[in-house]
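Asks: sequence unknown, structure follows:
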C-alpha cells in the first residue's frame, strides 16, 4: 500500500499538534492545581423526605456559626424545594442539592451557580453572590427531566449583606 509523501507529512503534523495540545492542557491543569469535582457523597434518593438532612423540615437557608450560609434543596419533578429562598450578597454560600427522582440541572442565570443534580448523590456548590445581583432571580433546571421540564423553576432572592449597603 502506497501512501503519498504529502499525506504522511500532514498525518505527522496532525499527530504533533494533537500531542502539543494535550501537553499544553496537562501543563495548565497541573500548574493551576485544577482537578475534577471530588465531592462524591452518595445518598438514598428513595428516603430523602423521611430521614437525614434533606427532610422537609431541614430544607432552606441556614446561617452557620462562621457567618456563612448553607442552603439545602431537593430537586424533584417539576420543581425545586423550597420554591423560594433568600440569600445575602457578598457572603459565602454553600448549596447542597439532592434529586428525589431523575437527573436535574440547577442554574441561576448571570451567576456562577450551575451544576448537575444526579440521583443518588449530593451536589455541592460553593459561591459568593455579588451585590450587583441584589433582587429576585429564577432558578432553572437545565437538564431535560420530563414533560414538565419547562415548568421547573423557582426563585432566589439576593438581599444586601448584613451591615452593608
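Replies: Nice, thanks for sending it over. What you see is a predicted model, and the numbers here were worked out from it, not measured in a lab.
Asks: roughly how far does the closest residue to residue 34 other than its chain neighbours sit from residue 21?
Replies: Nearest non-adjacent residue to residue 34, counting by Cβ to Cβ, 6 or more residues apart in numbering: residue 28, 7.5 Å away. Just so you know, the C-beta spots here come from the backbone N, C-alpha and C atoms, and that holds for glycine as well. Noted for residue 28: a distance of 11 Å to residue 21, by Cβ to Cβ, to the nearest Å.
Asks: the residue nearest to residue 34: how many residues sit nearby?
Replies: When neighbours are counted by other Cβ atoms under 10 Å, residue 28 registers 10.
Asks: pLDDT of the host helix or strand of it, averaged?
Replies: Assigned by DSSP states H and E, residue 28 falls within helix 5-31. The predicted model assigns helix 5-31 a mean pLDDT of 94.
Asks: quick one on the thing from earlier: tell me the spacing between the residue nearest to residue 34 and residue 120.
Replies: Relative to residue 120, and taking Cβ to Cβ, residue 28 is found at 32 Å.
Asks: now for the nearest residue to residue 64 once chain neighbours are set aside: which residues touch it?
Replies: The shortest distance from residue 64 to any residue that is not its chain neighbour, by Cβ to Cβ, 6+ apart, is 5.7 Å, and that residue is residue 70. The neighbourhood of residue 70, defined by Cβ atoms under 8 Å, 6 or more residues apart in numbering, consists of 61-62, 64, 93-94, 96.
Asks: who touches the worst-scoring helix or strand of the chain on mean pLDDT?
Replies: Lowest on mean pLDDT, DSSP states H and E among the helices and strands of the chain sits strand 41-42, with a mean of 88. The set of residues external to strand 41-42 that reach it, using Cβ under 8 Å, 6+ apart, is 120-122, 124.
Asks: could you chop the chain up by domain?
Replies: The domain map for the chain lists 1-35, 41-159, with the assignment taken from automatic domain parsing.
Asks: okay, those, which one's buried deepest?
Replies: Among the domains of the chain, ranked by average contacts under mean count of other Cβ atoms under 10 Å, first place goes to domain 41-159 (a mean of 16).
Asks: give me the secondary structure label for the most centrally placed residue in the chain.
Replies: Among the residues of the chain, residue 115 comes closest to the average C-alpha position under Cα atoms, centre = their mean, at 2.0 Å. Of the three states, residue 115 takes strand according to DSSP: H, G, I helix; E, B strand; the rest coil.
Asks: bridged to it, which residues?
Replies: residue 106 (DSSP bridges).
Asks: against residue 159, how distant is it?
Replies: In terms of Cβ to Cβ, residue 115 sits 23 Å off from residue 159.
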